[in-house]
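[1] the following comprises the amino acid sequence and a computationally predicted model.
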Amino acid sequence: MNLTELQGELRSLETQIANLQSKVQEMKPTSRTQKHSDYDKITKLAKQYALDKPYLRRESAYLRKQYITCLSPFVALDGQVYDRLLYLTRLSLGLQLPYTAEEILHLGLNTELADLDWQFQDLKPLKYSLLTDILILANCSGCASEETLALAADYAVALGCNAEDMKITAQVAKAVLKNDFNILRVLPLPKLNCWQGVFRNHIPKAWLRSQRVLQKRLQNIEDLSEQDLTLDSMLQFYQIFSQPLRILSLPARGCLVKKDDTLAEYTYGASGEIQTVTATKSGIAYFEEGEGASNDEKYIDIFVCHWMDWFD
């Protein structure tokens with residue numbers, strides 16, 4: 001999918017969300033009977049627009065249930081029930097959990113933070129995904145209240161998240177709510193290289209692919225052979241001893257690089273002059289090996305990707 005197609009999908013999603021919000025606004029309860037009717041409408045609407053989370057859906061049924069349980073207390077905060085209930089019901093149905101909107105509301109009303117200690121322990125591998133959904137729920141009605149943000153902060157502490165974790169996760173939640181993932185393009189390089197793939201439940205893979213920038217194709221390579229030189233614990237180096245092109249060094253897939261860092265060194269032909277490939281942007285390094293029409297025509301493509309990207 002190219003960037004134009006991706007933008008088209010995002011515009012389509014914006015229209016869907018606008019329609020959802022319009023329908024939610026129509027649900028203004030005037031009686032207990034009306035509330036039950038509105039909960040039924042939310043459930044039906046959620047079935048039409050269930051959130052597709054393929055990576056989260058692969059988790060066990062137990063973890064998926066605990067995930068929804070941990071999110072449910074946010075539904076009834078501040079009186080902003082309907083937008084949050086719609087989002088969480090869509091998420092639940094997308095995870096193949098057959099909760100109705102009313103069941104999720106009752107779950108939230110009967111769940112306290114103090115009751116969730118063991119769920120937090122089980123969900124720590126999913127803590128960034130969970131925290132992103134918490135911040136989406138907190139803000140999906142427009143502006144989060146102090147009560148909601150305080151509860152979100154308590155969850156972050158319980159999950160072992162620090163201030164930088166919250167800051168980065170908040171930007172991902174903002175990108176989801178605005179349907180504008182280009183927000184993430186301007187984020188500074190993090191201090192630690194620990195973010196690859198942790199937001200795979202929220203950032204479209206197609207958008208991340210669109211951020212991969214080819215730095216150089218090294219080609220005319222024969223007989224590729226690898227040798228670990230162990231010169232640096234952060235990097236692996238590969239040598240290609242064939243002619244006419246000899247690669248002296250390459251970064252490990254997924255290592256952090258800054259703009260203007262050296263990505264590769266190589267010599268070409270008999271001159272022996274060392275040439276370099278430098279990064280045109282900050283991100284993570286990635287390279288792919290391939291072959292041309294002839295098996296003798298081997299090449300390596302060197303990319304710099306967004307630091308939240310991941311490689312299956």
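    Received the coordinates, thanks. Remember, predicted model here, so these are calculated numbers, not experimental data.
[2] which other residues reach stretch 157-172?
    Residues outside stretch 157-172 that contact it (CB atoms under 8 Å, 6 or more residues apart in numbering): 113, 116-117, 120, 123-124, 127-128, 130-132, 135, 153, 156, 183-184, 187, 190-191, 195, 199, 202-203, 308. Glycine gets a C-beta too; all of them are placed from N, C-alpha and C.
[3] all strands of the protein, in order?
    213-221, 245-249, 256-257, 262-268, 274-278, 283-291, 298-305 (DSSP state E).
[4] and of the ones you listed, who's closest to Leu93?
    Closest to Leu93 of the strands of the chain is strand 298-305 (CB to CB; 32.3 Å).
[5] so what are the sheet partners of the closest one and their directions?
    Strand 298-305 pairs in its sheet with strand 213-221 (antiparallel), strand 283-291 (antiparallel), by DSSP bridges.
[6] buried sites along it?
    Within strand 298-305, the residues scored as buried using 16 or more other CB atoms under 10 Å are 298-305.
[7] which one of the residues you listed sits closest to Gly272?
    Ile300 (19.8 Å).
[8] would you reformat the strands paired with strand 298-305 as JSON lines and include mean pLDDT, distance to Pro98 and mean neighbour count?
    Below are these laid out as JSON lines (pLDDT from 0 to 100; distance: least, CB to CB, whole Å; neighbours: other CB atoms under 10 Å):
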{"stretch": "strand 213-221", "mean pLDDT": "86", "distance to Pro98": "43", "mean neighbour count": "16"}
{"stretch": "strand 283-291", "mean pLDDT": "90", "distance to Pro98": "39", "mean neighbour count": "17"}
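[9] would you map out the domains in the protein?
    Here the domain assignment for the chain is 3-197, 212-305, based on automatic domain parsing.
[10] worst average pLDDT in those?
    Sorting these by mean pLDDT places domain 212-305 lowest, at a mean of 76.
[11] now do that domain: distance to the chain's middle.
    27 Å (CA atoms, centre = their mean, to the nearest Å).
[12] what pLDDT does the model give the residue nearest to Leu56 when sequence neighbours are not counted?
    Of all residues not flanking Leu56 in the chain, Asn201 sits nearest, at 4.7 Å (CB to CB, 6 or more residues apart in numbering). Asn201 is assigned 95 on the pLDDT scale.
[13] Asn201 contacts Leu130, doesn't it?
    No. Counting by CB atoms under 8 Å, no contact exists between Asn201 and Leu130, whose distance comes to 9.5 Å.
[14] that older thread, mind checking the strands of the chain for the one nearest to Lys47?
    So among the strands of the chain, strand 298-305 is nearest, using CB to CB, at 35.9 Å.
[15] residues contacting the residue nearest to Leu56?
    Neighbours of Asn201 in contact, by CB under 8 Å, 6+ apart: 53, 55-56, 129, 132.
[16] and these, which are buried?
    Buried among the contacts of Asn201 (16+ other CB under 10 Å): 53, 56, 129, 132.
[17] restricted to helices, list the residues you listed.
    Taking DSSP state H as the definition of helices, those contribute 56, 129, 132.
[18] CSV for the residues you listed, including distance to Asn179?
    Putting those into CSV (distance: CB to CB, whole Å) gives the following:
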residue, distance to Asn179
Leu56, 19
Ser129, 18
Thr132, 15
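[19] what is the nearest of these to Pro251?
    The nearest one, if we look at those relative to Pro251 and count by CB to CB, is Ser129, at 27.9 Å.
[20] how near is that closest one to Asp180?
    20 Å (CB to CB, to the nearest Å).
[21] try Ile168
    16 Å.
[22] so which of the two has more stuff around it?
    Shown here are Ile168 and Asp180; by other CB atoms under 10 Å, Ile168 has more neighbours (23 against 12).
[23] can you tell me the closest non-neighbouring residue to Tyr268?
    Nearest non-adjacent residue to Tyr268 (CB to CB, 6+ apart): Leu245, at 5.2 Å.
[24] my guess is the one you found contacts Asn220. True?
    Yes. Using CB under 8 Å, Leu245 is in contact with Asn220, at 5.2 Å.
[25] what's Val277 in contact with, if anything?
    Taking CB under 8 Å, 6+ apart as the test, what Val277 contacts is 215-216, 218, 262-266, 302.
[26] over to the most centrally placed residue in the chain: give its phi and psi.
    In the chain, the residue lying closest to the centroid (CA atoms, centre = their mean) is Phe199, at 2.2 Å. Main-chain torsions, Phe199, degrees, to the nearest 10: phi -110, psi 30.
[27] next up, the contacts around it.
    Phe199 sits next to 128-129, 132, 172, 308 when contact means CB under 8 Å, 6+ apart.
[28] would a markdown table of those with distance to Lys258 be doable?
    Output for these, formatted as a markdown table (distance: CB to CB, whole Å):
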| residue | distance to Lys258 |
| --- | --- |
| Tyr128 | 23 |
| Ser129 | 28 |
| Thr132 | 26 |
| Val172 | 22 |
| Met308 | 16 |
